[in-house]
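Enquirer: Pasting the sequence and the predicted model now:
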Amino acid sequence: VLAVARATEADVEEIEVLAGSEYRYHDRDSYLDFLGQNLEFHVRLSALSGNARLTKVLGDLIESMQRFFFLGLELGDFGPEMRREHEALAGFLRKRDRDRAVECLRGQIERSRERILTALLKERADLPVM
């Protein structure tokens, strides 16, 4: 919420560049690149709030979940959908639309959660070592 009010034009431009990241389905190297960009996108967005503790906790959480995110990417070609979600969030940041940004972020979290749970329920044991 604070990120929307505090973001400078340069911050928004940086977030927009990171939002354009996408992976190639069945290309594990591109998964790693995308997950790194995804981490950077969310950490930089969080940093705009000015809450260093929140940003640290979020970064640590995302880093600890990377193997599960990786597994979820194998379920389908979600790259374009995830890019559009990030671009929409960046657009709401640019427009200073706090309510739509929060709604968008909640939806992203829920969809990510569902992908991870689906992957885990498939009883897949091939989590990559990262």
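Expert: It's in.
Enquirer: Tell me, how many residues neighbour residue 73?
Expert: 23 (other C-beta atoms under 10 Å). The C-beta positions use only the backbone N, C-alpha and C, and glycine is treated the same way.
Enquirer: now residue 63, nearest residue through space, not along the chain?
Expert: residue 39 (6.6 Å; C-beta to C-beta, 6 or more residues apart in numbering).
Enquirer: Report the buried residues of the helix or strand hosting the one you found.
Expert: Assessed by DSSP states H and E, residue 39 sits inside helix 28-47. Counting neighbours by 16 or more other C-beta atoms under 10 Å, one finds that the buried residues in helix 28-47 are 30-31, 34-35, 37-47.
Enquirer: hmm, back to that, surely the residue nearest to residue 63 meets residue 59?
Expert: Yes: counting by C-beta atoms under 8 Å, residue 59 is a contact partner of residue 39 at 7.0 Å.
Enquirer: Without its sequence neighbours, what residue ends up closest to the residue nearest the centre of the chain?
Expert: For the chain, the residue nearest the mean C-alpha position is residue 38 (4.3 Å; C-alpha atoms, centre = their mean). Closest residue in space to residue 38, ignoring its immediate chain neighbours: residue 21 at 6.8 Å, by C-beta to C-beta, 6+ apart.
Enquirer: for the one you found, phi and psi?
Expert: phi -70, psi 140 (degrees, to the nearest 10).
Enquirer: Against residue 56, how distant is it?
Expert: Distance, residue 21 to residue 56, using C-beta to C-beta, to the nearest Å: 22 Å.
Enquirer: same thing with residue 45?
Expert: Note on residue 45: its distance to residue 56, by C-beta to C-beta, is 14 Å.
Enquirer: which residues touch the nearest residue to residue 14 once chain neighbours are set aside?
Expert: Excluding its sequence neighbours, the residue lying closest to residue 14 (C-beta to C-beta, 6+ apart) is residue 44, at 6.4 Å. Contacts for residue 44 (C-beta atoms under 8 Å, 6 or more residues apart in numbering) come out as 11, 14, 15, 18.
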